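Undergrad: The sequence and its predicted three-dimensional model are supplied below.
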Amino acid sequence: MLVGVGGVILAAGESSRMGRDKALLPWPPSTQPSRLATSTNTLLSAAIDAFSEYCDMVIVVAGKNEALLEPIVYSQAAFLACNRNPERGQFSSLQIGLREVLDRGRDSAMITLVDRPPAQLATLKKLLEAFEDRGRKWAVVPEYQSQHGHPIIIDRGMMDLFMKAPATANARDLEHANQQKIEYVPVDDARVVTNINTPEDYAALAATLGT
């Protein structure tokens, strides 16, 4: 655990392409209908577990699904923040999560999306070690086979940049505009660039992991 780092999990999306809330998908993944209906281990709970190993607090940003996510968040001693206008887009949820981090006295954040499989703990450890040794950089970003992924870890400099931007901004565009301030860390973990947006994505991941 690195004191001063708040975890932020963005989970306010409507999951329209998935057809059900992605945060509640069973983890490890399964395509068995009975397990989809009864599993208590979810993408969200797995993300909270992983972040809790290395962050001194975890904040989940929900949207219209706040009531659905609340039992999972509180049962794992995480904090819940709600984006009352999630239609403004993902960046607005990021700003709400970062505001919670700052208000709770932290000046760095580890950020991920709930529709990404939780990164391996060894990956999180490597990213945090790089963050501690970052020098004058504002952020570290995992890189797998030349693709940039999540989670990212940012310090106060990048947090201030994100907070001052309009709610309609795009975090990736801001990142690319400030690449000289970012340390890209090669990792051997495909999860950091894996998206779960559709039932087909989820089924493919289940097959890859042999479940």
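TA: Looks like it arrived, so ask away. All values reported here derive from a predicted model rather than from experimental measurement.
Undergrad: Residue 97 - how many residues pack around it?
TA: Counted with other CB atoms under 10 Å, residues neighbouring residue 97 total 26. All C-beta atoms are positioned from the backbone trio N, CA, C, and that covers glycine.
Undergrad: That one against residue 59, yeah?
TA: Yes - under the criterion of CB atoms under 8 Å, residue 97 makes contact with residue 59 at 5.3 Å.
Undergrad: got any residues that touch both of those two?
TA: 8-9, 81 (CB atoms under 8 Å, 6 or more residues apart in numbering).
Undergrad: Looking at those residues, which is nearest residue 55?
TA: Nearest to residue 55 among these is residue 8, at 9.0 Å by CB to CB.
Undergrad: tell me the SS of the closest one?
TA: Of the three states, residue 8 takes strand according to DSSP: H, G, I helix; E, B strand; the rest coil.
Undergrad: Skip the chain neighbours and tell me the closest residue to it.
TA: Sequence neighbours aside, residue 97 is the residue nearest to residue 8 in space, at 3.8 Å (criterion: CB to CB, 6 or more residues apart in numbering).
Undergrad: now the one you found: how far from residue 129?
TA: From residue 97 across to residue 129, the span is 23 Å (CB to CB, to the nearest Å).
Undergrad: Any idea which helix or strand in this structure has the lowest mean pLDDT?
TA: Lowest by mean pLDDT, DSSP states H and E among the helices and strands of the chain is helix 33-38, with a mean of 53.
Undergrad: which stretches of the chain have low pLDDT?
TA: In the predicted model of the chain, residues 1-3, 31-39, 210-211 satisfy pLDDT under 70.
Undergrad: Could you pull out the helices in the protein for me?
TA: Per DSSP state H, the chain carries helices over the ranges 33-38, 43-54, 66-75, 90-103, 121-132, 156-164, 171-177, 199-208.
Undergrad: Quick one: closest of these to residue 146.
TA: Closest of the helices of the chain to residue 146 is helix 171-177, at 14.4 Å (criterion: CB to CB).
Undergrad: Restricting to C-alpha, output stretch 91-109 in PDB.
TA: Output of stretch 91-109 as PDB, limited to C-alpha atoms (Å, rounded to 0.1, in the frame of the first residue of the first chain):
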ATOM      1  CA  PHE A  91     -14.700  12.400 -18.000                       C
ATOM      2  CA  SER A  92     -17.300  14.000 -15.700                       C
ATOM      3  CA  SER A  93     -17.300  10.800 -13.600                       C
ATOM      4  CA  LEU A  94     -13.500  11.000 -13.500                       C
ATOM      5  CA  GLN A  95     -13.700  14.600 -12.200                       C
ATOM      6  CA  ILE A  96     -16.100  13.500  -9.500                       C
ATOM      7  CA  GLY A  97     -13.800  10.700  -8.400                       C
ATOM      8  CA  LEU A  98     -10.800  12.900  -8.300                       C
ATOM      9  CA  ARG A  99     -12.700  15.500  -6.300                       C
ATOM     10  CA  GLU A 100     -13.400  12.800  -3.700                       C
ATOM     11  CA  VAL A 101      -9.800  11.800  -3.600                       C
ATOM     12  CA  LEU A 102      -8.700  15.400  -3.000                       C
ATOM     13  CA  ASP A 103     -11.400  16.100  -0.400                       C
ATOM     14  CA  ARG A 104     -10.300  13.000   1.500                       C
ATOM     15  CA  GLY A 105      -6.700  14.400   1.700                       C
ATOM     16  CA  ARG A 106      -5.000  12.400  -1.000                       C
ATOM     17  CA  ASP A 107      -2.900  13.900  -3.800                       C
ATOM     18  CA  SER A 108      -2.500  10.900  -6.100                       C
ATOM     19  CA  ALA A 109      -4.900   8.500  -7.700                       C
END
